[in-house]
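Engineer: 3D, please:
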Amino acid sequence: MRENDTSTIAAEPLDLRLAARLAALRTGRNWSLDELATASGISRATLSRLERGDTSPTAALLGRLCAVYGITMSRLIAEAEQTPSQFIARAEQAVWTDPATGFARRTISAPARDYQAELIEGTLPPGAVIDYPLPPVYGLEHHLWLMDGVLDLTVDGVGHRLAPGDCLRYRLTGASRFVCPGPLPAHYIIAICQP
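Structural biologist: Take a look at the predicted model:
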């Protein structure tokens, strides 16, 4: 996915908090925009727009930035959220939608201090493709359970076709690709555990 696939839609409050968190991650490492552009392969102009909240990041862009920072996308989103409680009502679960693909990501149980796992609900529209060239954290343990639709998932060059009720568990050490061939959206739950 190309970096110019970002959308210039008006930022939602979560998008603004995410923009601030991305800026804080970069400045906390004393990196210039040029240094981050070199490390991530994302143009300086796109990074600047992301950090100002002028554009919403795509899943692919967030994946590249998370790989550079060594954090999961869930942790990045959780850090942009308020402090999580033990009980998380559905209405309080953060939902982020990729403006390029329509992929919706609900954080059911966000990563938090003293907890090693997180729980994510994903809905990938028919025809959508998301490529992650690098894992955000090497060796992340994933348990993906497909609830509805069909999902073609490639992990480290090995392809898997999941049907409703199928579970794929793996450690993420390289590239991954999520494809929904349709005709229904691929709806799944994924548990992510730190290595």
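Engineer: Relative to residue 108, how far out is residue 188?
Structural biologist: From residue 188 over to residue 108 the distance is 12 Å, taken as CB to CB, to the nearest Å. (Each C-beta comes from the backbone N, C-alpha and C, glycine too.)
Engineer: and residue 67, helix, strand or coil?
Structural biologist: Under DSSP: H, G, I helix; E, B strand; the rest coil, the three-state class of residue 67 is helix.
Engineer: State the number of residues packed around it.
Structural biologist: Residue 67 has 20 neighbours, counted by other CB atoms under 10 Å.
Engineer: And for residue 142?
Structural biologist: So residue 142, with other CB under 10 Å, has 18 neighbours.
Engineer: This structure: strands as residue ranges?
Structural biologist: Ranges of strands in the chain, per DSSP state E, are 95-97, 104-109, 117-124, 129-132, 140-148, 151-155, 158-162, 167-172, 176-179, 186-193.
Engineer: Determine the longest helix present in the protein.
Structural biologist: helix 13-28 (DSSP state H).
Engineer: Distance from that one to the middle of the chain?
Structural biologist: 15 Å (CA atoms, centre = their mean, to the nearest Å).
Engineer: Run through the residues that contact residue 144.
Structural biologist: Residue 144 makes contact with 151, 153, 162, 167, 168, 169, 188, 189, 190, according to CB atoms under 8 Å, 6 or more residues apart in numbering.
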